[in-house]
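# With the sequence up front, the predicted model follows.
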Amino acid sequence: MRSFTCLPLVAATIAVTTVHAQATADLPQRPLEPCTIDRVPGEVLCGSYTVFEDRAAHAGRTIDLRVVVLRATGEERLLDPVVPLAGGPGGSATAGARAHAQRFAQERRERDILLVDQRGSGGSNPLHCAFPPPGGETSFFGSLFPVDHIRECRRRLSERADLSLYGTPLAADDLEDVRRWLGYDRLNLYGGSYGTRIAQVFMRRHPESVRTAVLNALVPLGRNPYFYGASSIDEGLEQLFTDCAADTTCASTYPSLRQQFADLVARFDGGAVQTEVELADGSTQAVGFTRGDFAYAVRGVLYSSASNSLPLVVRNAHASGDLGLFANYYKQRIGWVADDGTAAGMHFSILCSEDMAFNDWDELRGVTEGTLMGPHLIREYERACDNWVTYDVPASYHDPLHSDVPTLLLSGERDPITPPAYGEEVAQYLSNSLHVIQPNAGHGASGPCVSQLQLELIQTGSVKGLDASCIRPTSKPNFVVP
């Protein structure tokens, strides 16, 4: 394999084996430098690319976007890297370098893996709300986003950031700048969850810069998944109940699953249920656990293969009358709001402006009535957004993306937030796409077959000939039994 030196990264001639940086007249840029990331093999380059926070003004405060390049491991380096786009919104692309190196190991033989932390996340002026809520760690019970915590976070972040300048369109243009700076021809986008939204926005704003796209757990541009989240949770639950009934072992072990779950829900008819939760210092405290809290916990379980354990958890909770396991899991799930993993401030800046500002509140009752969650989730977001900063999105922002870019769309059958119907909704406007639904999967599809389809798409640059038969046959879910 050819060796790589860091010196000619600036003002180099574009070549298959060289990534180069173009000088900009506006802001000085430093070349990426060799670095080491724990358990990431091969050559790695790290650094930053500086952009104006206010792209329109082209002046004022700047943001250093964290950039990491996992260099191709083979001798031939093609100038169309794989670009994983983080979910959330608020996740970090570079923090997942090790996982991306593993996930795209075969693609990396010929292509770099380009990781860029979106403005407001990771190492790009992250908008964290990572401090204890003023009301204490149990203040999240009954309130997903305690108002005093949201207001304090807004106050702190506003001292160093204009919270109206962290939207998806600006982030898409940042990525295009990085592409040009590093001399790449076109990008192979991989977006998961919210990452599918920024991928679609990038495809619309910079269509000539996209070679292929993989959209896993689709978020349509014109749909707020949180507004319709209550019905999506119920759909995921119904699929799980159906899968259990169709599985001999699950059906015989949990013959009363539906009724037992309904009995747990009925416990909230009189209001919050008192239960014990474990605090950070190891002590326990009694809390009022609401139906909304319970639904959020169930939603979290449905996100992944942990959903296969839900029948056992339901049976045990029903037998003991103790909802503590659900309450502790809820506390764990909602912890992202006050930690430094997900940039909660960026999350609110995007969701409040691009989704919540366009809700049809007259429709709310119709989409939440009779559901497990009810209006709790969307009303909590509404309250948070009443205390946040918003921005105006382009007039056509919510229009469906029309594109002929070769695109693989992936959905999990039990996904409680971006159900397969969302994939179908997006696919009808993509003339060169394939939509694959993975049986028994939660939020997003994964596994060897999915990896193979992604690899073939990137290698060939086409969805034609992709054989999804390896994922289509119904496979029995591995339900957890005592």
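Nice, thanks for sending it over. Numbering: from 1, shown residues only.
# if I read this right, His435 contacts Glu425, doesn't it?
No: contact status for His435 versus Glu425: not in contact, 10.0 Å apart, counting by Cβ atoms under 8 Å. For the C-beta atoms, the positions are set from N, CA and C on the backbone; glycine is no exception.
# Let me know the pLDDT of the residue nearest to the spatial centre of the chain.
When the chain is reduced to its mean C-alpha position, the closest residue under Cα atoms, centre = their mean turns out to be Gly87, at 2.2 Å. For Gly87, the pLDDT comes out at 96.
# Tell me the secondary structure of it, please.
Under DSSP: H, G, I helix; E, B strand; the rest coil, Gly87 falls in the coil class.
# Tell me how far it lies from Val219.
Note on Gly87: its distance to Val219, by Cβ to Cβ, to the nearest Å, is 9 Å.
# Quickly list what's touching both of these two.
Common neighbours of Gly87 and Val219, using Cβ atoms under 8 Å, 6 or more residues apart in numbering, are 193-194.
# Going by residue numbers, what spans are helices in the stretch 301-450 of the chain?
Secondary structure of the stretch 301-450 of the chain by DSSP state H, counting those that start in this stretch: the helices cover 310-320, 324-334, 344-354, 364-368, 376-385, 420-427, 448-460.
# So what touches the last one?
Translated: helix 448-460. Contacting residues not belonging to helix 448-460 are listed as 82, 103, 106-107, 111, 188, 190, 212, 214, 216, 406, 408, 410, 436, 438, 463, 465-466, 468, 470-471 [Cβ under 8 Å, 6+ apart].
# Now list the buried members of the residues you listed.
By neighbour count, with 16 or more other Cβ atoms under 10 Å, the contacts of helix 448-460 hold 82, 103, 107, 111, 188, 190, 212, 214, 216, 406, 408, 410, 436, 438, 463, 466, 468, 471 as buried.
# Check which helices and strands the lengthiest helix in the chain sits against.
If you go by DSSP state H, the chain has its longest helix at helix 229-246. Contacts defined by 3 or more Cβ pairs under 8 Å, 6 or more residues apart in numbering; DSSP states H and E place helix 229-246 against helix 248-253, helix 257-266, helix 291-302, helix 310-320, helix 364-368, helix 376-385.
# go with 7 Å
Applying 3 or more Cβ pairs under 7 Å, 6 or more residues apart in numbering; DSSP states H and E, one finds that helix 229-246 contacts helix 248-253, helix 257-266, helix 291-302, helix 364-368.
# Spatially nearest residue to Arg154, not counting backbone neighbours?
If you skip the residues right next to it in sequence, Arg154 has Trp388 as its closest partner in space, 6.0 Å away by Cβ to Cβ, 6 or more residues apart in numbering.
# chain center to stretch 433-450, what's the gap?
The chain centre lies 15 Å from the centre of stretch 433-450; the measure is Cα atoms, centre = their mean, to the nearest Å.
# start to end distance for it?
Its start and end residues considered, stretch 433-450 measures 15 Å (Cα to Cα, to the nearest Å).
# Going by neighbour count, which residues of it are buried?
433-446, 449-450.
# my read: Leu257 touches Val314, true?
Yes: counting by Cβ atoms under 7 Å, Val314 is a contact partner of Leu257 at 6.4 Å.
# C-alpha coordinates for stretch 350-369, PDB please?
Output in PDB follows, covering the C-alpha atoms of stretch 350-369 (Å, rounded to 0.1, in the frame of the first residue of the first chain):
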ATOM      1  CA  ILE A 350     -33.900  22.200  14.400                       C
ATOM      2  CA  LEU A 351     -37.100  20.500  15.600                       C
ATOM      3  CA  CYS A 352     -38.700  23.700  16.900                       C
ATOM      4  CA  SER A 353     -38.100  25.500  13.600                       C
ATOM      5  CA  GLU A 354     -38.400  22.800  11.000                       C
ATOM      6  CA  ASP A 355     -41.200  20.700  12.500                       C
ATOM      7  CA  MET A 356     -43.000  22.100  15.400                       C
ATOM      8  CA  ALA A 357     -43.600  25.500  13.800                       C
ATOM      9  CA  PHE A 358     -45.700  23.800  11.100                       C
ATOM     10  CA  ASN A 359     -47.900  21.500  13.200                       C
ATOM     11  CA  ASP A 360     -51.700  21.500  12.500                       C
ATOM     12  CA  TRP A 361     -52.900  21.600  16.100                       C
ATOM     13  CA  ASP A 362     -56.500  21.100  15.000                       C
ATOM     14  CA  GLU A 363     -55.400  17.700  13.800                       C
ATOM     15  CA  LEU A 364     -53.700  16.700  17.000                       C
ATOM     16  CA  ARG A 365     -56.700  15.000  18.600                       C
ATOM     17  CA  GLY A 366     -57.300  12.900  15.600                       C
ATOM     18  CA  VAL A 367     -53.700  11.600  15.500                       C
ATOM     19  CA  THR A 368     -53.300  10.900  19.200                       C
ATOM     20  CA  GLU A 369     -56.800  10.000  20.500                       C
END
